[in-house]
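**Student:** What would the 3D arrangement of this be:
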Amino acid sequence: MADSTHKRQRVEATHFSAKAETDLQLTHITGSTFSVPGLQLTDHWFTVPLDHTGSQSGTIQVFVREVVSATKLKHTSHLPFLLFLQGGPGFESPRVTEASAWIKAAAMHFRIVLMDQRGTGLSSAITANSLALQGTAHQQAAYLGCFRADSIIQDAEVVRAAMVPRDASTGEPGRWSIFGQSFGGFCVVHYLSTHPHAIAEALLTGGLPPGISQPCSAETAYHCLFRRVLHQNSKFYKRFPGDQPIAAGIVRRLIEYPDGGAPLPGGGILSPRGFQLLGLAGLGSGGGFERLHYLLERAFDGPDISHTFLRACENWFSWDTNPLYAVLHESIYCQGAASQWAAQRVRDASFADAFDAVKAAKNYQQVLFTGEMVFPWMFDEIGCLQLMKAAAELLAMRTDWPRLYDLGKLHSLNVPVAAACYFEDMYVDFELGQETASHIQGIRQWITNEYMHSGIRDDGARIFEHLLALSRNTIPLH
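**Tutor:** Residues are numbered from 1 along each chain as shown. Next up is the predicted model:
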């Protein structure tokens, strides 16, 4: 954390309950400023309530990094603010090393605010060890329930109150622009539902949440996403037909291990269904097919699974460094009903035969990889998730999740909204996204099959500039 010599200022708690205002000492600490090629970065630290509703006591820390173009330093005070909301859930904001991609484009227009969403990065990060300190499984589950989009946006409101200059006529914090990728887009739509007065314009990439009128849209989402994954598997094996016997051979070898899978260097096992998880990153992003192909080509060391492959499989994921992604994943679809391990239920009910890796391998058929789904057995097989199993079970059965979306407010929005919607998105279903778009007054969409879900990483500058132009109507309607 920043040392005691850093400037401190009090954050005005205008969006907190009376209890939170009277019980908590809310602070904003401005940390160090440093440079990377083309940019100046300043660190900020905020103390915020664990529970913005006041139902649970305590505070957590939220970290923000402010990014300004080196060419704009003399004009910083005149630049509007842009909050970037990272994909996830459970991943920290980008660590910027230079002025490039969408950051470079955005910095020509804005002072960029990169916020580590609560529970990630330097914002009271959740790990297996830190979660254990919360006590029993029930206490852990209650704690984790404070790390969804609604809490993230309340944190953003604290940051806005502290960093965005106040309106001269009203004395209220000024508006800022917001930009969300994937789960960050879910957060943007929640923000539009709850604090539209705070937003000057909203940009989204691959992030229109599905089923926003449903108490829990997880089951609906996974029915669609499994079909998308089937399509991506077909494309992958068409590109790399020689990988079919390799994948089948890996599964046949994995089932020969005494515990049903090869021991992983970091703990746990790689089972056939764990092997299928490689599709999460391999099937739905730019360059993913190639990465998966190169991973498979080093699978064997003689007749056995190679240590190189097992280590690479562990490195493929972020279960140990970002376990919040697994623990909270299905809850992002919930607003009044339980998910009840929806991905597993949909797989068992509608796709069990298609994704039966052992049967496929024994018959020398294609072993299909899965996509962005979290399954309950992962908390048995993946070493770093095992300590979170009990809390994850409780979260999967929780029914009283707060509402995330207000359709009435979305229908009456007076905020420019622009969204990049990827026609072949394997993570956020296009058709379900279109249903959500129909509820957002005035939204302008860029619908394309030119990019996968990772478009902001693959061609971020072009995408950002196009969305900004849409939101400001410099690309006219036609």
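**Student:** Do a quick rundown of the helices in the stretch 301-450 of the chain.
**Tutor:** For the stretch 301-450 of the chain, helices defined by DSSP state H, counting those that start in this stretch occupy the ranges 307-316, 324-328, 342-350, 357-362, 378-381, 389-397, 407-411, 430-437.
**Student:** between those helices, which one is nearest to E256?
**Tutor:** Distance to E256, taken as C-beta to C-beta, is lowest for helix 357-362 among these, at 11.2 Å. Any C-beta I mention is one placed from the backbone N, CA and C, and that applies to glycine too.
**Student:** Who are the packing partners of the closest one?
**Tutor:** helix 243-254, helix 272-276 (3 or more C-beta pairs under 8 Å, 6 or more residues apart in numbering; DSSP states H and E).
**Student:** pLDDT averaged over that helix, what's the number?
**Tutor:** Mean pLDDT, helix 357-362: 97.
**Student:** Low-confidence regions, this protein specifically.
**Tutor:** 1-25 (pLDDT under 70).
**Student:** Specify the residue ranges that define each domain of it.
**Tutor:** The chain breaks down into these domains under automatic domain parsing: 8-211+432-471, 218-397.
**Student:** any chance of those domains in TSV, with mean neighbour count and distance to A418 too?
**Tutor:** What follows is the domains of the chain, written out as TSV (neighbours: other C-beta atoms under 10 Å; distance: least, C-beta to C-beta, whole Å):
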stretch	mean neighbour count	distance to A418
domain 8-211+432-471	19	4
domain 218-397	18	21
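**Student:** re earlier: so which of the helices of the stretch 301-450 of the chain comes closest to P245?
**Tutor:** Closest to P245 of those, according to C-beta to C-beta: helix 357-362, at 9.7 Å.
**Student:** hmm, who's touching the closest one?
**Tutor:** 247-252, 255, 272-273, 275-276, 353, 365-368 (C-beta atoms under 8 Å, 6 or more residues apart in numbering).
**Student:** circling back: now distance to L410 too, for the domains of the chain, in JSON lines please.
**Tutor:** JSON lines is the format used below for the domains of the chain (distance: least, C-beta to C-beta, whole Å):
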{"stretch": "domain 8-211+432-471", "distance to L410": "5"}
{"stretch": "domain 218-397", "distance to L410": "14"}
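**Student:** Name the nearest residue to Q40, ignoring sequence neighbours.
**Tutor:** V68 (4.9 Å; C-beta to C-beta, 6 or more residues apart in numbering).
**Student:** Just give the nearest non-adjacent residue to K104, would you?
**Tutor:** Nearest in space to K104, with sequence neighbours left out and distances taken as C-beta to C-beta, 6+ apart, is A461 at 6.3 Å.
**Student:** so is that neighbour in a helix, a strand, or just coil?
**Tutor:** helix (DSSP: H, G, I helix; E, B strand; the rest coil).
**Student:** List phi and psi for the closest residue to S182 other than its chain neighbours.
**Tutor:** Excluding its sequence neighbours, the residue lying closest to S182 (C-beta to C-beta, 6+ apart) is G87, at 3.3 Å. The phi/psi pair for G87 (degrees, to the nearest 10) reads phi -70, psi 170.
**Student:** who are the neighbours in contact with G87?
**Tutor:** 181-184, 207.
**Student:** picking that back up, quick one: secondary structure of the residue nearest to Q40?
**Tutor:** Going by three-state DSSP: V68 is strand.
**Student:** repeat for E256
**Tutor:** Assigned by three-state DSSP, the conformation of E256 is coil.
**Student:** My guess is S193 contacts K409. True?
**Tutor:** Yes. S193 lies in contact with K409 (C-beta atoms under 8 Å); the separation is 5.3 Å.
**Student:** can you give me the strands for the stretch 51-200 of the chain?
**Tutor:** Here the stretch 51-200 of the chain has its strands, by DSSP state E, counting those that start in this stretch, at 59-69, 81-85, 111-115, 176-181, 199-205.
**Student:** Mind putting the helices and strands packed on helix 357-362 into TSV with distance to I152?
**Tutor:** As requested, the helices and strands packed on helix 357-362 are exported to TSV (distance: least, C-beta to C-beta, whole Å):
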stretch	distance to I152
helix 243-254	37
helix 272-276	30
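**Student:** Any idea which of those gets closest to T120?
**Tutor:** Smallest distance to T120 across the helices and strands packed on helix 357-362 (C-beta to C-beta): 23.9 Å, for helix 272-276.
**Student:** Which strands or helices does the closest one pack on?
**Tutor:** helix 243-254, helix 357-362, helix 378-381.
**Student:** would TSV of these with distance to A312 be doable?
**Tutor:** Below are the helices and strands packed on helix 272-276 laid out as TSV (distance: least, C-beta to C-beta, whole Å):
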stretch	distance to A312
helix 243-254	12
helix 357-362	19
helix 378-381	17
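**Student:** so which of the ones you listed comes closest to V229?
**Tutor:** helix 357-362 (13.4 Å).
**Student:** from the chain's centre, how far out does that closest one sit?
**Tutor:** 32 Å (C-alpha atoms, centre = their mean, to the nearest Å).
**Student:** my read: the residue nearest to K104 touches A105, true?
**Tutor:** Yes. Between A461 and A105 there is a contact under C-beta under 8 Å: 4.1 Å.
**Student:** Surely I29 is within a strand?
**Tutor:** Yes. According to three-state DSSP, I29 belongs to a strand.
**Student:** I figured it hits W45, correct?
**Tutor:** Yes. Here I29 reaches W45: they are 4.3 Å apart, a contact under C-beta under 8 Å.
**Student:** what pairs with F63 across the strands?
**Tutor:** W45 (DSSP bridges).
**Student:** so who does it touch?
**Tutor:** So F63 contacts 43-46, 115-116, 121-123 (C-beta under 8 Å, 6+ apart).
**Student:** Go ahead and confirm A343 touches Y222.
**Tutor:** Yes. A343 is in contact with Y222 according to C-beta under 8 Å; the separation is 4.9 Å.
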